[in-house]
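Asks: pasting the structure only:
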């Protein structure tokens, strides 16, 4: 793994001064001693279990070898991982990057409560030949709990109640509710997390390594690559890629470059989804935040303002080198660019550790606690209140649309609706998008099935906004972004302009032993998210489509095009 950065002279001077400070004040050693005075002394030392997890995992290598042998011998054809946020994003990166491995089950990630997406995941596999991994640190997170309830009941139907548990593995913290459930339901195996590792820092704990192992990846090799990154993160500050990256991120933020745009070689494109959570959830609080921009196609230099830092993670064996010249053009124009190059795909595990350290260092530079996530909890509380209300009344609280046109309904606070309401959908969208100013970002928040055809339409929409308004743009699918970028959107600076997209459910899926369905859950999550955005004074508009999501998205995209023409 190689690392370098090209930045303007003022930013380079700031990094050199901060490097000297870290050297003279022995901050690398203090980091490895878990010294919370590097941050805010708000209990940060209780969340640093991840800094020595690689060494501990290597001592446990025999357990991973045994797991791999057992899974291979069992002959499973598929593995479903049920999780959310830090419990599922690393496994997703591995599934997308490495794909199925010979002799092992093909990995599939289920991290949505959208009924169509849940049903699609169920229909994709033969449960009689499927292993299900339930990943939940606390054991109290709504999404993995309801997904477990659904798939466990489906497994009972497929293989019988006496055998269903033998198809399940749990990854959870000791003493959690999920541990109790796993034991009561006779799960095949239980692997434990470390209570001193937060979800977004858990990639090299059992949440990442067990997921990698059951999918057939070489756990010894991946831990060896991670160990190389651990060793480099102990170097003196000037020769320490993780510390240099973190200082650059934090200092860029402090001087107005508070958005990090991530480019990768196509073979490792999903790394950005994991980086989004790590960076946004760690830094987006107290009105500060580094907003990650993932899957935004690279554009001509003139498209970008001075509020961006760029990161290019390149795979040396890439078949597509077209990014190289475009990134070089950004450098030539004076934009700050971080470069990583990995020689083999397993070096992605070194990337995990390097970025974890860097994000913690950036938090120190920003003067925040990078290990808490206060605003994620606010959306969870809103959702719980709404689902509880549904259990009591049989319906969710209703809001009145301030505009309806062609089956599309618009919602906002009374004050914001008064500011943006036009006679038509196009006029209202034009007024909403006119709220975007230099230094802002636009985020499309889609509580829809995360299907390729839906993503393609919203990607086109975000790029239209980017190219017209010359601002950073983000795209998140709910509910997964709630456990990721949602923290920054709510707790970071009030620089986001949000378009929440919801829809009627053409199909719904019941959740065993619950009064509410998956359709009700995701509706409550969308409503809770919007309520918190509105309570924080964010510029947020909800667009509600009909049951035909594809047709609704087509209409919305055309309206955005017209609004920006």
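Replies: Yep, that arrived. Just so we're clear, the structure is a prediction, and the values are computed from it rather than from any experiment.
Asks: So what's the gap between stretch 456-475 and the chain middle?
Replies: Averaged C-alpha coordinates place stretch 456-475 at 19 Å from its chain's average position (C-alpha atoms, centre = their mean, to the nearest Å).
Asks: for that stretch, which positions count as buried?
Replies: The neighbour-count check on stretch 456-475 (16 or more other C-beta atoms under 10 Å) flags 457-459, 461-466, 469, 471-475 as buried. All C-beta atoms are positioned from the backbone trio N, CA, C, and that covers glycine.
Asks: out of those, which are inside strands?
Replies: Among these, DSSP state E puts 472, 473, 474, 475 in strands.
Asks: and which of the residues you listed is nearest to residue 379?
Replies: Distance ranking of those against residue 379, using C-beta to C-beta, places residue 474 first at 16.5 Å.
Asks: any idea how far stretch 539-551 is from the chain center?
Replies: 22 Å.
Asks: Shouldn't residue 149 be within a strand?
Replies: No - under DSSP: H, G, I helix; E, B strand; the rest coil, residue 149 sits outside any strand and is assigned helix.
Asks: Identify the residues contacting it.
Replies: By C-beta atoms under 8 Å, 6 or more residues apart in numbering, the contact set of residue 149 is 511, 512, 513, 514.
Asks: go again using 6 Å as the cut-off
Replies: 511, 512 (C-beta atoms under 6 Å, 6 or more residues apart in numbering).
Asks: Distance of it relative to residue 429?
Replies: 39 Å (C-beta to C-beta, to the nearest Å).
Asks: thinking again about what came up before, need the ones in strands among the buried residues of stretch 456-475 in TSV (columns: distance to residue 54 and pLDDT).
Replies: Shown next, in TSV, are those (distance: C-beta to C-beta, whole Å; pLDDT from 0 to 100):
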residue	distance to residue 54	pLDDT
472	33	98
473	35	98
474	31	98
475	32	98
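Asks: want to try TSV for those, with distance to residue 414 as columns?
Replies: Shown next, in TSV, are those (distance: C-beta to C-beta, whole Å):
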residue	distance to residue 414
472	29
473	27
474	27
475	28
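Asks: same question for the helix or strand harbouring residue 281, mean pLDDT?
Replies: Per DSSP states H and E, residue 281 falls inside helix 271-283. The average pLDDT within helix 271-283 is 98.
Asks: cool, stretch 416-434 as well?
Replies: 98.
Asks: Now the element after the lowest-mean-pLDDT helix or strand in the chain, going C-ward?
Replies: The helix or strand of the chain with the poorest confidence is helix 374-393; it has a mean of 86 (mean pLDDT, DSSP states H and E). Using DSSP H and E, the next helix or strand after helix 374-393 towards the C-terminus is strand 403-405.
Asks: what does that next one rub up against?
Replies: 410, 425, 428.
Asks: cool, stretch 535-546 as well?
Replies: With C-beta under 6 Å, 6+ apart as the criterion, stretch 535-546 contacts 407, 409, 411-412, 432, 435, 490, 497-504, 530, 533-534, 552, 556.
Asks: buried stuff in it?
Replies: 536, 538, 539, 540, 541, 542, 543, 544, 545.
Asks: do stretch 333-349 as well
Replies: Quick answer for stretch 333-349 (16+ other C-beta under 10 Å): 335-342, 345-349.
Asks: circling back: Produce a PyMOL select command limited to the buried residues of the contacts of stretch 535-546.
Replies: Listed next is the PyMOL selection for buried residues among the contacts of stretch 535-546, using 16+ other C-beta under 10 Å:
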select buried, resi 409+411+412+432+490+497+498+499+500+501+502+503+530+533+534+552+556
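Asks: In helices, which of the contacts of stretch 535-546 appear?
Replies: 432, 490, 530, 533, 534, 552, 556 (DSSP state H).
Asks: Can you name the two of these that sit furthest apart?
Replies: 490 and 552 (26.0 Å).
Asks: mind listing the helices in the stretch 401-550 of the chain by residue range?
Replies: 414-420, 425-433, 452-469, 486-491, 518-535, 549-564 (DSSP state H, counting those that start in this stretch).
Asks: Burial check on the residue lying closest to residue 212 once chain neighbours are set aside, number of neighbours?
Replies: Residue nearest to residue 212 in three dimensions, not counting chain neighbours: residue 94, with 5.4 Å by C-beta to C-beta, 6 or more residues apart in numbering. Residue 94: 26 surrounding residues under other C-beta atoms under 10 Å.
Asks: Please settle this for me: is residue 94 part of a helix?
Replies: Yes - assessed with three-state DSSP, residue 94 lies in a helix.
Asks: correct me, but it touches residue 213?
Replies: No - Residue 94 is not in contact with residue 213 according to C-beta atoms under 6 Å; the separation is 10.3 Å.
Asks: How far away from the center of its chain is stretch 485-505?
Replies: 13 Å.
Asks: number of nearby residues for residue 40?
Replies: As a burial measure, residue 40 scores 16 neighbours (other C-beta under 10 Å).
Asks: measure it to residue 352 for me?
Replies: In terms of C-beta to C-beta, residue 40 sits 25 Å off from residue 352.
Asks: phi, psi of residue 317?
Replies: The phi/psi pair for residue 317 (degrees, to the nearest 10) reads phi -90, psi 20.
Asks: Spatially, what comes nearest to residue 474 if we skip its sequence neighbours?
Replies: Nearest residue to residue 474, sequence neighbours excluded (C-beta to C-beta, 6+ apart): residue 443, at 4.1 Å.
Asks: Residue 499 is in contact with that neighbour, correct?
Replies: No - if you go by C-beta under 6 Å, residue 443 and residue 499 don't touch, sitting 7.3 Å apart.
Asks: what about the stretch 451-565 of the chain, any weak spots by pLDDT?
Replies: By pLDDT under 70, the stretch 451-565 of the chain has no low-scoring segment.
Asks: so what pLDDT did the closest residue to residue 345 other than its chain neighbours get?
Replies: Leaving aside its sequence neighbours, residue 345 sits nearest to residue 97 (C-beta to C-beta, 6+ apart; 6.0 Å). Here, the pLDDT recorded for residue 97 equals 98.
Asks: One more: residue 253?
Replies: 98.
Asks: any idea how far it lies from residue 289?
Replies: When residue 253 is compared with residue 289 (using C-beta to C-beta), they lie 8 Å apart.
Asks: So between those two, which is more surrounded?
Replies: Comparing residue 253 with residue 289 by other C-beta under 10 Å, the one with more neighbours is residue 289, at 28 against 21.
Asks: mind listing what residue 200 touches?
Replies: 86, 277, 278, 281.
Asks: ditto for residue 89
Replies: 273, 274, 277.
Asks: Reformat these as CSV; add neighbour count and distance to residue 12.
Replies: Shown next, in CSV, are those (neighbours: other C-beta atoms under 10 Å; distance: C-beta to C-beta, whole Å):
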residue, neighbour count, distance to residue 12
273, 22, 30
274, 26, 28
277, 26, 29
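Asks: Just checking: what are the partner strands of the helix or strand that contains residue 309?
Replies: Following DSSP H and E, one finds residue 309 within strand 308-315. Strand pairing for strand 308-315, determined by DSSP bridges: strand 259-264 (parallel), strand 337-342 (parallel).
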